[in-house]
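K.L.:
A structural model of the following input is requested.
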Amino acid sequence: MDHYDLIKNALVYFEDNIEESLSLESVSNHFNISKFYFHRLFSAMTSYSFNNYLLSRRLNKSIKLIQNEKVSLTEIAYRLNFGTPSSFTRAFKRQYGIVPSKLKENLSTMNESPIPFVIKKPIKNINGDIVTDFTLTEFDEMRICGIAFSVDLATENYKVKIRSHSKMLLDSINQSINGPCYVIYSNCQPNSTQFNVLFGIPYDIQINKPYYFTDDIPTIFCAKFKYFGDILDIGDVLTTDFARFLKISKQEAAESSIEMIQVFEDVHQLDSSYHLYVPIKKHPIDSEC
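P.N.:
Predicted structure coming up:
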C-alpha cells in the first residue's frame, strides 16, 4: 500500500469508528505501522496533527446528532469521547463559533462536511520529518500568451470562474498543438481576497483571439513542488507544505507580485500532475543550487 492509499484508508477508518476510543497507537496498529512514522506521514499528507484531525471529525459527526431531537447533548459528549459535556461545548464553540445548544434549539443551521481529500504528492524525509518533495530552482524568463482575469474569493465562485476561463483557452487551441500550460497567480495584496490569474501558453504558439493577453514573466528563484489533482482543492495543504518547507530549509518567502506559477507539461492534460513554483528569496549560498 502506498502512502496515499494508507492515509486515504485511515480517514475512512476514522469515520467508520468515530465513536470508538481511537488513539494514535490503536490506529497505527490497525495498519501495522509504527505510530511515530504514521503520525509524521499523516501530518505531511493532510496538514493536520492526528489529535486535531480526530477532534475535528468528532465535532463534525456531532452536528447530525445534535439536530436529532432524541439525542441529548450529554449523550453526544460521552458517545463521541469528549469526556464531559462542558469539554464538548467548549470544543464545539471553538470550531464553529456557536454553542451546540443553539443548534439544538434550531437557532442555527449547519451541515456535516465530507471526508477531506488526501492530496497526492511525492514526499521525502528530511532530518526525521516527512515533507512534501521540493527542489530549489529558477523559473526561466518567458513570455506567456493567454486569458487574463481577476478573481474575488469573497464575492464569486472562484472555482467556476477559473475552470470556465481554462475551457476558453482549451477551446482556442487545436488538438494538434503540443506544449506546456501555465497558470500565473499574481497581485494578491495583504488581507485582500482579490488576485489576478493569467491562464496561458508560450507566446510562440500563436492564437489570434481579441481577448488574449501577453505578459513577460521574469526569471524567479523558487521552491518547486509537485502535486496530483485539482489545485483548487489543495489551498490549505499547499500553505502548510510551504510553511514547513521554509522552516526546514531556512528559506524566506520573496516579496513578489507573482504569488505562484502552476505548470502542466501538456496543455491538453490539465487533469494530470503539475509543478508549483513559489517565489523565495535568493541568498548567496543558493547561487550554487
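K.L.:
Let me see the residues that make contact with stretch 254-262.
P.N.:
139, 182-188, 195, 217, 220-222, 231, 274-282 (CB atoms under 8 Å, 6 or more residues apart in numbering). For the C-beta atoms, the positions are set from N, CA and C on the backbone; glycine is no exception.
K.L.:
Mark which of those are buried, thanks.
P.N.:
139, 182-186, 188, 195, 217, 220-222, 231, 274-280, 282 (16 or more other CB atoms under 10 Å).
K.L.:
Just those: which are in strands?
P.N.:
The strands, defined by DSSP state E, take in 139, 182-186, 195, 217, 220-222, 274-279 from the buried ones among the contacts of stretch 254-262.
K.L.:
residue ranges of the helices in the stretch 51-200 of the chain, please?
P.N.:
Here the stretch 51-200 of the chain has its helices, by DSSP state H, counting those that start in this stretch, at 73-79, 85-96, 100-104, 158-171.
K.L.:
Residue 27 should be in a helix, yeah?
P.N.:
Yes - counting by DSSP: H, G, I helix; E, B strand; the rest coil, residue 27 is located in a helix.
K.L.:
Any idea how many residues pack against it?
P.N.:
Neighbourhood size, residue 27 [other CB atoms under 10 Å]: 21.
K.L.:
now do residue 104
P.N.:
For residue 104, the neighbour count with other CB under 10 Å is 18.
K.L.:
Need the pLDDT of it.
P.N.:
The score at residue 104 is 88. That number is its pLDDT.
K.L.:
Next one: it from residue 55, what distance?
P.N.:
Taking CB to CB, to the nearest Å as the measure, residue 104 falls 20 Å from residue 55.
K.L.:
Distance of residue 69 relative to residue 105?
P.N.:
Taken as CB to CB, the span from residue 69 to residue 105 is 11 Å.
K.L.:
pLDDT weak spots in this structure?
P.N.:
Scanning the chain with the threshold set as pLDDT under 70 gives 1, 126, 176, 205-211, 230-233, 284-289.
K.L.:
domain parsing for it?
P.N.:
For the chain, the domain assignment from automatic domain parsing gives the residue ranges 3-118, 134-288.
K.L.:
Dump those to JSON lines, plus distance to residue 128.
P.N.:
Output for these, formatted as JSON lines (distance: least, CB to CB, whole Å):
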{"stretch": "domain 3-118", "distance to residue 128": "8"}
{"stretch": "domain 134-288", "distance to residue 128": "10"}
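K.L.:
I'd like to know which of the ones you listed is closest to residue 127.
P.N.:
Residue 127 lies closest to domain 134-288 among these, at 6.9 Å (CB to CB).
K.L.:
ok now that closest one, how far from the chain's centre?
P.N.:
15 Å (CA atoms, centre = their mean, to the nearest Å).
K.L.:
again with stretch 37-52
P.N.:
When distances are taken as CA atoms, centre = their mean, stretch 37-52 is centred 14 Å away from the chain's centroid.
K.L.:
And the strands in the stretch 1-150 of the chain, which stretches?
P.N.:
123-126, 129-132, 134-139, 142-152 (DSSP state E, counting those that start in this stretch).
K.L.:
Rebuild those strands as JSON lines, extending it with distance to residue 170.
P.N.:
Formatted as JSON lines, those follow (distance: least, CB to CB, whole Å):
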{"stretch": "strand 123-126", "distance to residue 170": "31"}
{"stretch": "strand 129-132", "distance to residue 170": "28"}
{"stretch": "strand 134-139", "distance to residue 170": "23"}
{"stretch": "strand 142-152", "distance to residue 170": "10"}
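K.L.:
List the buried residues in stretch 61-78.
P.N.:
61, 62, 63, 65, 66, 67, 73, 76, 77.
K.L.:
which two from these end up farthest apart in space?
P.N.:
Farthest apart among the buried residues of stretch 61-78 by CB to CB are 67 and 77. That separation is 15.5 Å.
K.L.:
Let me see the contact set for residue 31.
P.N.:
Contacts of residue 31 (CB under 8 Å, 6+ apart): 6, 9, 10, 13, 38.
K.L.:
contacting residues around the fourth one?
P.N.:
The neighbourhood of residue 13, defined by CB under 8 Å, 6+ apart, consists of 27, 30, 31.
K.L.:
ok so, going back, for residue 47, which of the strands of the stretch 1-150 of the chain is the nearest?
P.N.:
strand 129-132 (10.0 Å).
K.L.:
The closest one pairs with which strands?
P.N.:
Next to strand 129-132 in the sheet, as set by DSSP bridges, lie strand 123-126 (antiparallel).
K.L.:
I appreciate the help and will end here.
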